[in-house]
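Undergrad: sequence plus the predicted model coming up.
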Amino acid sequence: MQTEKVDEEDASPEEYFARSDFTGSDSEQLSFSSGDRLLVHTKASSEWWWAELNGVIGYVPASYLSKDAEEEDTSPEDPWQDEEYFGSYGTLRLHLEMLSDKSRTEAYRQVILSNSASLRNKVVMDLGCGTGIISLFCAQLAQPSLVYAVEASSMADYTRQLVKQNSCEEVVTVLQARAEEIELPEQVDVLVSEWMGNCLLFEFMVESVLLARDRWLREGGVMWPSSAALTLVPCQAHSYYAEKMSFWERPYGLDFTPLQPLAQQEFFTKPKFSHLIEPDDCLSAPCDVICLDMYTLQVKDLEEIQAKFHFDVEKPGVFHGFTAWFTVHFESLETGGAAVELNTGPNSEPTHWKQTLFMLDRPVSVCAEDTISGTIVLRRNPVWRRHMTVTLHWNINSSTEETENCKVGTKTFPMWR
Ligand code: J7C
């Protein structure tokens with residue numbers, strides 16, 4: 001956590017209650033349990049408050065606290081924000097973005113094409129089918145006996161029309177419902193879904209996929225994608241740093257540096273989605289930090305995912321932050337058949353996910369042969385179930401002594417709550 005600490009105590013701290021358990025990731029953060037009564041002294045930022053529990057003081061994530069001890073039961077708001085979520089998928093904007101993403105759409109097409117023989121007479125579920133592109137590929141390129149195309153948003157009306165328009169209504173059945181609520185007459189052989197969000201998990205649509213797997217995938221059935229990996233790399237981000245931070249040094253010949261703490265708060269608190277990192281800006285070889293097996297992953301595993309990393313810096317440069325992206329793998333139904341991979345990293349064709357940039361508060365110069373090791377924790381928001389925070393803790397080990405003040409750091413990034 002790199003938010004400035006406020007030393008003076010507020011005269012009248014406000015009482016809050018913990019909505020759920022929280023384990024601090026460093027000595028500055030308070031750990032607490034659901035129902036604990038905390039006294040908030042300072043609302044240091046919209047995400048982190050300075051609070052007291054049983055005489056111990058530290059930072060607490062604001063989203064874990066509520067004014068009302070009973071709020072959990074009385075909250076009128078939907079923690080999944082389904083109205084807003086499915087509302088946005090009821091318009092074309094996001095579907096256009098996904099369909100225009102050739103790497104994404106072609107990867108699914110390739111999986112179906114290269115498995116067409118094995119898909120013959122199989123029953124498929126396409127979860128969150130949107131406009132139905134994957135289901136239509138199945139019907140067009142293979143001969144499944146049936147495809148259940150499940151879509152909760154109002155787009156499903158149009159999907160039905162598209163299925164008919166393309167003469168696939170014998171094979172593709174469109175169900176407008178949340179996958180959690182459907183009833184089918186049978187289990188399926190293949191569960192295919194394009195569920196990945198920013199930084200892989202954002203949106204947590206993967207939960208719907210896991211629940212559908214446990215209920216509807218027959219024993220020995222196949223998951224597409226079959227596994228997913230989150231990749232991390234320490235990186236430079238000179239132009240982004242210049243645009244948002246160095247800018248204030250001398251605009252129009254004036255010193256605007258008093259605005260820099262505000263700039264840091266406003267631009268570097270949350271990760272930057274839609275970042276396209278140049279391979280050259282990677283300071284080290286990227287590393288797959290988290291690997292999820294879609295057959296064994298459990299919903300409860302999603303609450304907190306932790307991993308360690310270790311990078312060998314390969315060239316001198318400025319360590320501005322970390323960039324993350326994901327890769328998903330599709331196993332072949334055919335023994336020996338080629339597996340397909342969809343890689344959203346900087347060495348592949350850019351996708352609509354692009355990459356996610358996590359900026360440090362202060363850049364650090366690094367040299368070849370330095371190492372950057374640490375941990376990453378993806379913590380799902382206990383209230384807003386489509387959101388999470390990413391906590392990065394890093395330790396720079398340097399062969400030279402120049403970096404002495406900046407060797408260790410921790411920062412928690414809300415996405416978005
Ligand atoms: N049930 C049915 N459709 C869903 C569900 C669900 N539980 N969750 C997401 N969708 C649909 C959503 O309406 C949209 O068309 C697509 O799946 C989301 C794709 N998002 C993504 N990040 N890949």
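TA: That came through fine.

Undergrad: low pLDDT regions in the stretch 51-200 of the chain?
TA: 70-76 (pLDDT under 70).

Undergrad: residue of it nearest the ligand, please.
TA: residue 128 (2.3 Å; CB to the nearest ligand atom). C-beta: built from backbone N, CA, C; applies to glycine.

Undergrad: with adjacent residues omitted, what lies nearest to that residue?
TA: Excluding the flanking residues, the one nearest residue 128 by CB to CB, 6 or more residues apart in numbering is residue 193, at 5.7 Å.

Undergrad: specify the local secondary structure of residue 307.
TA: Classification of residue 307 using DSSP: H, G, I helix; E, B strand; the rest coil returns strand.

Undergrad: off-centre distance for stretch 112-126?
TA: Distance of stretch 112-126 from the chain centroid (CA atoms, centre = their mean, to the nearest Å) equals 29 Å.

Undergrad: ok, residues contacting that stretch?
TA: 132, 134-135, 137-138, 141-150, 184, 186-193, 212, 216-217, 332-334, 337-338, 340 (CB atoms under 8 Å, 6 or more residues apart in numbering).

Undergrad: of those residues, which are in range of the ligand?
TA: residue 150 (CB under 6 Å from any ligand atom).

Undergrad: surely residue 167 is in a strand?
TA: No. Applying three-state DSSP, one finds residue 167 to be coil, outside a strand.

Undergrad: follow-up on the earlier one: tell me which residues touch the residue of the stretch 51-200 of the chain closest to the ligand, please.
TA: Contacts for residue 128 were tallied using CB under 8 Å, 6+ apart; they are 150-152, 179, 193-195, 205, 208.

Undergrad: interface residues of the stretch 151-300 of the chain facing the ligand?
TA: 151-153, 155, 178-180, 194-197, 203, 205, 208.

Undergrad: the residue nearest to residue 128 - how many residues pack around it?
TA: Per other CB atoms under 10 Å, the neighbour tally for residue 193 reads 24.

Undergrad: can you list phi and psi of it for me?
TA: Taking degrees, to the nearest 10, you get phi -160, psi 150 for the backbone angles of residue 193.

Undergrad: thinking again about what came up before, of the contacts of stretch 112-126, grab the buried ones for PyMOL.
TA: Remark: buried members of the contacts of stretch 112-126, expressed as a PyMOL selection using 16 or more other CB atoms under 10 Å:
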select buried, resi 132+134+135+137+138+141+142+144+146+147+148+149+150+184+188+189+190+191+192+193+212+216+217+332+333+340
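
Undergrad: now, the contacts of stretch 112-126 that are in helices?
TA: 134-135, 137-138, 141, 212, 216 (DSSP state H).

Undergrad: look up how far residue 416 lies from the residue nearest to residue 128.
TA: Distance of residue 193 to residue 416, computed by CB to CB, to the nearest Å: 23 Å.

Undergrad: which outside residues touch stretch 329-346?
TA: Residues contacting stretch 329-346 (CB under 8 Å, 6+ apart): 103-104, 107, 110-111, 114-115, 117-119, 190, 222, 224-229, 231, 276-279, 282, 286, 323, 325-328, 351, 353-355.

Undergrad: buried ones among the contacts of residue 128?
TA: Looking at the contacts of residue 128 with 16+ other CB under 10 Å, the buried ones turn out to be 150-152, 179, 193-195, 205, 208.

Undergrad: pLDDT weak spots in the stretch 301-417 of the chain?
TA: 336-338, 401-406.

Undergrad: same thing but at 80, please
TA: Scanning the stretch 301-417 of the chain with the threshold set as pLDDT under 80 gives 335-338, 399-406.

Undergrad: got a pLDDT number for the closest residue to residue 255 other than its chain neighbours?
TA: Nearest non-adjacent residue to residue 255, counting by CB to CB, 6+ apart: residue 249, 7.4 Å away. On pLDDT, residue 249 comes in at 98.

Undergrad: TSV please, covering the residues of the stretch 151-300 of the chain next to the ligand and showing secondary structure.
TA: Shown next, in TSV, are those (three-state DSSP):
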residue	secondary structure
151	strand
152	coil
153	coil
155	helix
178	coil
179	helix
180	helix
194	coil
195	coil
196	coil
197	strand
203	coil
205	helix
208	helix
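
Undergrad: about what we covered before: I'd like to know how many residues surround the residue nearest to residue 255.
TA: Residue neighbour count, defined by other CB under 10 Å, stands at 12 for residue 249.

Undergrad: surely it meets residue 259?
TA: No. With contact defined as CB atoms under 8 Å, residue 249 does not count as touching residue 259 (10.2 Å).

Undergrad: rewinding a little: now the residues of the stretch 151-300 of the chain next to the ligand as JSON lines including distance to residue 235?
TA: Output for those, formatted as JSON lines (distance: CB to CB, whole Å):
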{"residue": "151", "distance to residue 235": "37"}
{"residue": "152", "distance to residue 235": "37"}
{"residue": "153", "distance to residue 235": "35"}
{"residue": "155", "distance to residue 235": "36"}
{"residue": "178", "distance to residue 235": "38"}
{"residue": "179", "distance to residue 235": "36"}
{"residue": "180", "distance to residue 235": "38"}
{"residue": "194", "distance to residue 235": "27"}
{"residue": "195", "distance to residue 235": "27"}
{"residue": "196", "distance to residue 235": "21"}
{"residue": "197", "distance to residue 235": "21"}
{"residue": "203", "distance to residue 235": "24"}
{"residue": "205", "distance to residue 235": "27"}
{"residue": "208", "distance to residue 235": "32"}
